[in-house]
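In: need a structure here:
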Amino acid sequence: FEYFIREQEWEHYFNYWLSEQQAWVAEMGFAAQNLRVREHSKEELSHYSKRTCDLEYHTPFGWKEMFGLAYRTDFDLGNHMKHSGENLMYTDPESGEKFVPHVIEPTFGMTRLTLMALLAAYQEEEAPTAESGKTEMRVVLKLHPRIAPYKVAVLPLSKNERLVPKARDVHALLASRWMTDYDETQSIG
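Out: Sure thing, here's the model as predicted:
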């Protein structure tokens, strides 16, 4: 989405959106060492942009854009006014000031964000096998708690007549507060 501002406010709001993007990815559990802000060079800037930067994530195939942020100036409305003859100036209801809004454009792509969340959660670890003293590599998806679909799993792993009712009671108690899963037949490994 776009945020309409006065020209003199653009740096404040640009920095605001950049810090919000950075805070959000930290809150979602992305490791700081895998994130960077990359400013676009003058040669890279779109013709309408005065400043653009990307919040990038380090993937196995290099640094890739996670989010973008652009200051589009008044390019969109200014050009529309010029070619349509329509007056699209905004009037501030408090001050009465008229101005053509400038645009800060934060971008968020769900496909790339999903990919990067899965890449961040992908782990390979050594785990003991059923044979004592032996280990093997296994793949584990360690989703950050903020995005994990289940917060708690009750896994009695048994159909024992005394254990199952207690496990179901525990599950019912937890399910009133969190997304839970219950399974008495599967194995953990």
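
In: Give me the neighbour count for the closest residue to residue 105 other than its chain neighbours.
Out: Residue nearest to residue 105 in three dimensions, not counting chain neighbours: residue 70, with 4.6 Å by Cβ to Cβ, 6 or more residues apart in numbering. Quick note: C-beta positions are derived from backbone N, CA and C, even for glycine. Residues lying near residue 70 (other Cβ atoms under 10 Å) number 23.

In: Check residue 95 too.
Out: 7.

In: quick one, phi psi at it?
Out: Dihedral pair for residue 95: phi -100, psi -20, per degrees, to the nearest 10.

In: list the contacts for it?
Out: Counting by Cβ atoms under 8 Å, 6 or more residues apart in numbering, residue 95 touches no other residue.

In: Quick check, pLDDT for the residue nearest to residue 105.
Out: Predicted confidence (pLDDT) for residue 70: 95.

In: Next: residue 150.
Out: At residue 150, pLDDT is 87.

In: check contacts around it.
Out: 178, 179, 180, 181.

In: Correct me if wrong: residue 57 contacts residue 116.
Out: Yes: counting by Cβ atoms under 8 Å, residue 57 does reach residue 116; the two are 4.7 Å apart.

In: Quick check: neighbours shared by those two?
Out: Contacts common to residue 57 and residue 116, judged by Cβ under 8 Å, 6+ apart, are 30, 64, 66.

In: Quickly find the element holding the second one.
Out: Assigning secondary structure by DSSP states H and E places residue 64 in strand 62-73.

In: Fine by me, we can end here.
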